[in-house]
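# show me the folded form of this:
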Amino acid sequence: MYTTVIDMYKLLLTICILLLIVFVFYKLYMGIWFFQEGLTQKDLEEKMETEKQERIQSVEGPEMSIMVPKIMGIHIQDNQQYSENMYRDKSTFIDQYPNASYLVQTIPKEEIDNISKEQEVEFNKAVQLTLPMETSRFSSYMIIRPTKDNRFPKFFTLDITNFPAENKKDYVLWGDSSEVQSSPNNNVITPYNVKSHPHPTDLMQVDEGSIYIGKHEMGRKILHIYTLGTIFDNKYANIGNVDTVDDKISIQCSSGHIIDSIMVYFGVPSEI
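As a prediction, the model looks like this:
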């Protein structure tokens, strides 16, 4: 009898431990725990709202979004000639997708319905686009997604270049702007964690397993760029890095084959 009780106790203890492990992995998969300073989602939202109100009170300028055409350089390129882990015949990305191109748009954070018109960028071709960019004291987004039947290379670099002499504004990532004291890590947005990110609640919607911004389908996985530094996937594996050189933001990704689109979060622009 005593042995039976002990066995039952051990069984219950094992079940509890397994349930705890499942719960922890579920939380990690959902991307709800931000391991930047140990902030919970609620703490992060409160912190961001406090910083926003402090910024609005301290920064001079109109209390509305003002999007003005600015010149921005965009360049999407493959990081290596052959992606052997992806293409067994060792053909290049452009062999697989000879017409690869991407659509670029910008969105003011304070007026998310005011999405700019799509502008197309060819793969591996550096171009200068005239895009509406925020000029007031608010943040904004840039979204990039492949055209129909195309995708990103497994190993790719996205360069976004500002031209301060012409634009008279400095555009940096949200996490590196002066009004932000701390930022979450760069990560991946999925339908399962879309509401756990500190953006307007109606910015992204999920329909039939895919994420939409307005009427534009962003796919199931959005590469989410906040700040300089490492990019993590939903299992916290390192899948890339974000650097800046002079006026260029360089986003390098080593898992582009699983990414459907990119969202870059800019901070408040500053005067040059």
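# can we go C-alpha only for contacts and neighbour counts from here?
Fine.
# which helix or strand contains residue 18?
helix 2-30 (DSSP states H and E).
# the biggest strand by length in the chain pairs with which strands, parallel or anti?
Identified as the longest strand of the chain according to DSSP state E is strand 67-78. If you go by DSSP bridges, strand 67-78 pairs up with strand 127-134 (antiparallel), strand 156-162 (antiparallel).
# buried ones in the last one, by neighbour count?
Counting neighbours by 16 or more other C-alpha atoms under 10 Å, one finds that the buried residues in strand 156-162 are 156, 157, 158, 159, 160, 161, 162.
# find the residue closest to the third one in space, skipping its chain neighbours.
Spatial nearest neighbour of residue 158, excluding adjacent residues (C-alpha to C-alpha, 6 or more residues apart in numbering): residue 76 at 4.6 Å.
# hmm, that neighbour is touching residue 123, no?
Yes - if you go by C-alpha atoms under 8 Å, residue 76 and residue 123 touch, sitting 5.7 Å apart.
# compare the two (neighbour count), which wins?
Taking other C-alpha atoms under 10 Å, residue 76 and residue 123 do not tie; residue 76 has more neighbours (24 against 21).
# where's the more buried one relative to residue 160, distance?
Per C-alpha to C-alpha, to the nearest Å, residue 76 is found 9 Å from residue 160.
# same deal with residue 171?
Distance of residue 171 to residue 160, given as C-alpha to C-alpha: 10 Å.
# what do you get for residue 100?
18 Å.
# show me where the stretch 151-272 of the chain has helices.
Under the criterion DSSP state H, counting those that start in this stretch, the stretch 151-272 of the chain contains helices at 164-167.
# show me the residue at the heart of this protein, geometrically.
residue 224 (1.0 Å; C-alpha atoms, centre = their mean).
# got a list of what it touches?
186, 187, 188, 189, 262, 263, 264, 265 (C-alpha atoms under 8 Å, 6 or more residues apart in numbering).
# which strand residues bridge it?
Listed beta-bridge partners, residue 224: residue 187, residue 263 (assigned using DSSP bridges).
# tell me the spacing between it and residue 149.
22 Å.
# now the strands for the stretch 101-250 of the chain?
101-108, 119-122, 127-134, 140-146, 156-162, 169-170, 187-189, 205-207, 210-213, 216-219, 222-225, 229-232, 238-245, 248-253 (DSSP state E, counting those that start in this stretch).
# does anything pack onto the first one? Which helices or strands?
In this case it means strand 101-108. Contacts defined by 3 or more C-alpha pairs under 8 Å, 6 or more residues apart in numbering; DSSP states H and E place strand 101-108 against strand 119-122, strand 127-134, strand 140-146.
# mind running it again at 10 Å?
Applying 3 or more C-alpha pairs under 10 Å, 6 or more residues apart in numbering; DSSP states H and E, we find strand 101-108 packed against strand 67-78, strand 119-122, strand 127-134, strand 140-146, strand 261-266.
# which stretch among those strands comes nearest residue 177?
strand 261-266 (8.2 Å; C-alpha to C-alpha).
# the closest one to strand 140-146, inter-axis angle?
160 degrees (axes from the mean of the first three to the mean of the last three C-alpha atoms, to 10 degrees).
# relative orientation of strand 261-266 and strand 248-253 in degrees?
Going by the same axes, to 10 degrees, strand 261-266 makes 150 degrees with strand 248-253.
# how about strand 261-266: buried residues?
By neighbour count on 16+ other C-alpha under 10 Å, the buried set for strand 261-266 is 261, 262, 263, 264, 265, 266.
# give me every residue that touches the second one.
By C-alpha atoms under 10 Å, 6 or more residues apart in numbering, the contact list for residue 262 reads 104, 142-146, 152, 158, 188-189, 218-219, 221-225.
# circling back to that earlier point, thought the residue nearest to residue 158 was touching residue 101?
Yes - in this structure, residue 76 is within contact of residue 101 by C-alpha atoms under 10 Å, at 9.0 Å.
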